[in-house]
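> next come a sequence and a model predicted from it.
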Number of protein chains: 2
Amino acid sequence: MSQHTENLTAFLAALRFEDLPDAVVARAEDLFLDWLGSLLAGAGQPPVPLFAGYARRMGPAKGPCENLVDGTTTSPYFAALVNGAASHVVEQDDLHNSSVLHPATVVFPAALALAQDRGRDGRDLITAAVAGYEAGIRIGEFLGRSHYRVFHTTGTVGTLAAAVAAGKLLDFDQERFTHLLGTAGTQAAGLWEFLRDAADSKQLHTAKAAADGVLAASLTADGLTGARDILEGDQGLAAGLSDQAEPAFLDDRLGQRWALAETSFKFHASCRHTHPAADALLDLMAREHLVADQIHGVTARVHQGALDVLGRVDTPRTVHQAKFSMGTVLALIALHGRAGLGEFHGIPLDDPAVAAFRDRVRMTLDAEVDQAYPARWLGRITVETVDGRTLHGAIDEPKGDPGNTLSRPELEDKFRRLAAFGGNTNAARADQLIARVWSLGAGGPVRFQS
Amino acid sequence: MSQHTENLTAFLAALRFEDLPDAVVARAEDLFLDWLGSLLAGAGQPPVPLFAGYARRMGPAKGPCENLVDGTTTSPYFAALVNGAASHVVEQDDLHNSSVLHPATVVFPAALALAQDRGRDGRDLITAAVAGYEAGIRIGEFLGRSHYRVFHTTGTVGTLAAAVAAGKLLDFDQERFTHLLGTAGTQAAGLWEFLRDAADSKQLHTAKAAADGVLAASLTADGLTGARDILEGDQGLAAGLSDQAEPAFLDDRLGQRWALAETSFKFHASCRHTHPAADALLDLMAREHLVADQIHGVTARVHQGALDVLGRVDTPRTVHQAKFSMGTVLALIALHGRAGLGEFHGIPLDDPAVAAFRDRVRMTLDAEVDQAYPARWLGRITVETVDGRTLHGAIDEPKGDPGNTLSRPELEDKFRRLAAFGGNTNAARADQLIARVWSLGAGGPVRFQS
């Protein structure tokens, strides 16, 4: 086994709640609230109900874990599956920049299922989530940009991140974590091919990553063994799914650098690759007092990863696909001042004003932006005005980035909007849920249906 | 979508039992019996009981499908998972040469689970299995040798093969098969890295492929959509997991070439990559009237794929790993005349005679053998005798290959030995099971526990 992997598994086994800085604990609560809101908002969105139906058909009639989509209970595997399917679909869940991983939607479903199954408290949940974030983010960075070009990192690496969180709740020692990475890593899957067809695989990926993480941890606890060098071995993950893996990321400043605290919140309800340009456009329009009608055309100058993902979408066919359309996002920003759930779900896909603006947006590769990515997600746009001016907009940290993060009042506001959008959570219940999340770090309960 | 994929999905949707040549139906029965025997033999072998325990913990208390490992019933997902875990572990299940896919252990668990769930008969089961074999084998050939170097094709492609079999039992039309391939393909996973550590992932791969095939088919039946071009798209399976995909394999002579009938039975209870050399050694020893003590050294001249897989194993640490040790297999052949379950499980891993012979075996790449592979698995060995002679052994079709296949009496004998090895099936029961399998093509029942 490589020293990098060995250092990582040693860290995961040794990690204790008492080791976590207060700011990391608080940020974990923030991220959990953000995740719970994303889940409540997504519970009724297609294709999430299909997963709830599947769990009823294949799983037990009830169990120790909460299925937060339909209010039933089930076994850990199906709770992770359904909650994982629901928490990514409205595209409001968190993103870690340099790994290009959405950690919450895979880590929290697995951690919550095991915490509920084992009767653990909020501190155990947070410790497990931190383990999942720290491992998953570093593995995502390790696999690098060539991986993300074809593979949906949240599906592939998400399986390992979820497994680590689950394994932490099962009190794994270093040897168990080694086997766990092998067993989770050999299940890692998820291809971007679905996006051009507006197919449902993004939800399948998060559902399966969370659930297979639970499966991996459960079988490992029972004694299933896995490859010891799944990350770096010459028939392992990097060998098969990356051209440029960098092992030094795997144990980068463990215990000093808290990758969880670097994770960004989403302000706009769209693919994170659209946010830098969206914020740059917002900023430029405010500065120049522009309205949409004055804009003749917009060029978003982006990194290659944005072209790889967003470049597949021409005229969006579904609301979900619209969130991956740079033209649609910038149209909503220009016309309505925001690109939130209200805009995506309230304005028809074929709205003439949005369509007309969308056709005036193009993307182009920008060397500076591409070089900074994925560590930094720079927003650079050029606007041609109707009256013939060329204007440049630039932001260096999109809203929600660690240096430009959301405050607790902003997070609570976002949560209430997400819960209201979902339709099954009234205002008083939303307040109760917020209070419960803010008690996790004090060892509060980890149940949210009662 | 590519024309190759479109032709494949059209074939799968249109396939009817009435289209199958009698010889294909009979061979499907042969393969099913061989699979059932492999399962019964493997039911108690590590790590199979872990999967049965997992199914009890995560799944329903009972269901419409037979868990053939422990005699209980469960839902289709868990039946496929457990039966898939059990039917590959003793390394006696079938192999298709040119795709390097073990079809039975992934196709039959999924097909049987859905057939039982939907109350179908033996003809439906066979039609579904043929669909799974025809699709899986062609997709394996499509991904080619570069895929197999890092990926365990039975895990990756097995997910698609199992899904197709399950989808056929759900009467999918072409559109559903298109979505199904997308949803199954984006879950395809399985890395060879486990082998050097003698870890349990090979059973995890077959279990997950079969179960995820059921998951994919069930969700597709409910309306989940998948990528339309998962095989050939530039962010699809071949783009991510192969360097040399050949699309023409995908629809190669559909309806004329029956790939199921090309599938080989395993005579020896070891990795198929050892069989050509084993048969060549058997042949040479018989021809030259040699005994083991007269052999100073053996060189097995093999294809690169054999080196990639078997080259990871030095001194085997488990019985399962011993089946991937060319030296051990040839030692058993030389010393005991066969390398069956009795030899692998009856002779200690550290048996001095086996160890001494193993140390006198080496493998080397042979250009002729490598060029013929994977279409043909040639056996070529060179033996140095104690008295100084150099002898050459060669066979062109290992025992069990389509041109050197097992007869029904040989298959029944193999089944009885496998069932006896498993320990839970007496001779009378074995005869009942054989009779039931031979009735499948006549529309017999698909239940085997009662």
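Good, I have the coordinates.
> how about the residues of the stretch 51-200 of chain A near chain B?
Residues of the stretch 51-200 of chain A lying close to chain B by CB under 8 Å from any CB of the partner chain are A:51, A:53-54, A:57-61, A:75-78, A:149-151, A:155, A:179, A:182-183, A:185-200. Using the backbone N, CA and C atoms, a C-beta is placed for each residue, glycine as well.
> so which of those are in helices?
A:51, A:53-54, A:57-58, A:76-78, A:149-150, A:155, A:179, A:182-183, A:185 (DSSP state H).
> what about the residues you listed, which one has the most neighbours?
In terms of neighbours by other CB atoms under 10 Å in any protein chain shown, those top out with A:Gly182 at 33 neighbours.
> for A:Thr9, give me its contacts.
A:174, A:177-178, A:181 (CB atoms under 8 Å, 6 or more residues apart in numbering or on different chains).
> any chance of TSV for the residues you listed, columns neighbour count, distance to A:Ile126 and pLDDT?
Putting the contacts of A:Thr9 into TSV (neighbours: other CB atoms under 10 Å in any protein chain shown; distance: CB to CB, whole Å; pLDDT from 0 to 100) gives the following:
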residue	neighbour count	distance to A:Ile126	pLDDT
A:Gln174	14	21	98
A:Phe177	25	18	98
A:Thr178	27	24	98
A:Leu181	31	21	98
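> turn these into TSV, including distance to A:Ile434.
Below are the contacts of A:Thr9 laid out as TSV (distance: CB to CB, whole Å):
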residue	distance to A:Ile434
A:Gln174	37
A:Phe177	33
A:Thr178	38
A:Leu181	35
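> how far does the helix or strand harbouring A:Glu175 sit from its chain's centre?
Under the criterion of DSSP states H and E, A:Glu175 resides in helix A:174-185. Relative to its parent chain, helix A:174-185 has a centroid offset of 23 Å by CA atoms, centre = their mean, to the nearest Å.
> I'd like the next helix or strand past that helix.
That would be, after helix A:174-185 and using DSSP H and E, helix A:201-222.
> quick check: angle from that following helix to helix B:174-185?
40 degrees (axes from the mean of the first three to the mean of the last three CA atoms, to 10 degrees).
> next, see if helix A:201-222 gets close to chain B.
Yes - using CB under 8 Å from any CB, helix A:201-222 reaches chain B at A:201, A:204-205, A:208, A:212, A:215, A:218-219, A:222.
> distance of A:Ala43 relative to chain B?
17 Å (CB to the nearest CB, to the nearest Å).
> check contacts around that residue.
Contacts of A:Ala43 by CB under 8 Å, 6+ apart are A:68-70, A:86, A:422, A:424.
> and these, which of them are in helices?
A:86, A:422.
> and the buried ones among the contacts of A:Ala43, selectable in PyMOL?
Listed next is the PyMOL selection for buried residues among the contacts of A:Ala43, using 16 or more other CB atoms under 10 Å in any protein chain shown:
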select buried, chain A and resi 68+69+70+86+422
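> reformat the contacts of A:Ala43 as CSV; add distance to B:Thr127 and pLDDT.
Putting these into CSV (distance: CB to CB, whole Å; pLDDT from 0 to 100) gives the following:
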residue, distance to B:Thr127, pLDDT
A:Leu68, 40, 98
A:Val69, 36, 97
A:Asp70, 35, 96
A:Ala86, 36, 98
A:Gly422, 43, 96
A:Asn424, 43, 92
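> residues from the stretch 301-450 of chain A in reach of chain B?
Contact residues (CB under 8 Å from any CB) of the stretch 301-450 of chain A with chain B: A:308, A:312.
> ok, which stretches of the stretch 301-450 of chain A are strands?
In order along the chain, the stretch 301-450 of chain A carries the following strands (DSSP state E, counting those that start in this stretch): A:361-365, A:379-385, A:390-395.
> could you dump those into a markdown table and include mean neighbour count?
Shown next, in a markdown table, are the strands of the stretch 301-450 of chain A (neighbours: other CB atoms under 10 Å in any protein chain shown):
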| stretch | mean neighbour count |
| --- | --- |
| strand A:361-365 | 16 |
| strand A:379-385 | 21 |
| strand A:390-395 | 17 |
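> state the helix or strand in which A:Leu231 lies.
Counting by DSSP H and E, A:Leu231 is part of no helix or strand.
> tally up the residues packed near it, please.
A:Leu231 has 27 nearby residues by other CB under 10 Å.
> equivalent analysis for A:Gly311, please.
A:Gly311, neighbours per other CB under 10 Å, totals 16.
> assess the claim that it and A:Met363 are in contact.
Yes - between A:Gly311 and A:Met363 there is a contact under CB atoms under 8 Å: 6.9 Å.
> list the contacts for the residue lying farthest from the centre of chain A?
Each residue of chain A has a distance to the centre, and by CA atoms, centre = their mean the biggest one is for A:Asp387: 40.5 Å. With contacts defined as CB under 8 Å, 6+ apart, A:Asp387 is in contact with A:Gln294.
> quick one: it from A:Arg360, how far?
Taking CB to CB, to the nearest Å as the measure, A:Asp387 falls 15 Å from A:Arg360.
> now A:Thr72
Applying CB to CB to A:Thr72 and A:Arg360 gives a distance of 47 Å.
> quick one on the thing from earlier: columns mean pLDDT on top of the strands of the stretch 301-450 of chain A, output as CSV?
Shown next, in CSV, are the strands of the stretch 301-450 of chain A (pLDDT from 0 to 100):
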stretch, mean pLDDT
strand A:361-365, 97
strand A:379-385, 98
strand A:390-395, 98
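> show me the contacts for the residue nearest to A:Arg429 when sequence neighbours are not counted.
Excluding the flanking residues, the one nearest A:Arg429 by CB to CB, 6 or more residues apart in numbering or on different chains is A:Ala419, at 7.7 Å. By CB under 8 Å, 6+ apart, the residues touching A:Ala419 are A:37, A:40-41, A:425, A:429-430, A:433.
> looking at this, A:Val90 is in a helix?
No - using DSSP: H, G, I helix; E, B strand; the rest coil, the assignment for A:Val90 is coil, not a helix.
> contact partners of stretch A:173-182?
For stretch A:173-182, contacts defined as CB under 8 Å, 6+ apart pick out A:1, A:5-6, A:9-10, A:12-13, A:160, A:163-164, A:167, A:170, A:172, A:216-217, A:220-221, A:224-228, A:230-231, B:193-194, B:197, B:199, B:201.
> repeat that for stretch A:232-246.
Residues outside stretch A:232-246 that contact it (CB under 8 Å, 6+ apart) are A:2, A:4-5, A:141-147, A:151, A:156, A:185, A:188, A:227, A:229-231, A:247, A:250, B:149-151, B:191-193, B:195-196, B:240-241, B:308, B:312.
> ok, of those residues, which come out buried?
Buried members of the contacts of stretch A:232-246, scored by 16+ other CB under 10 Å, are A:2, A:4-5, A:141-145, A:147, A:151, A:156, A:185, A:188, A:227, A:229-231, A:250, B:149-151, B:191-193, B:195-196, B:240-241, B:308, B:312.
> the ones in helices among the residues of the stretch 51-200 of chain A next to chain B: which two are farthest apart?
Across those, the longest distance by CB to CB is 36.0 Å; it joins A:Arg57 and A:Arg149.
> was I right about A:Thr73 contacting A:Glu66?
Yes - at 6.0 Å, A:Thr73 counts as touching A:Glu66 under the criterion of CB under 8 Å.
> kind regards, and thank you for your time.
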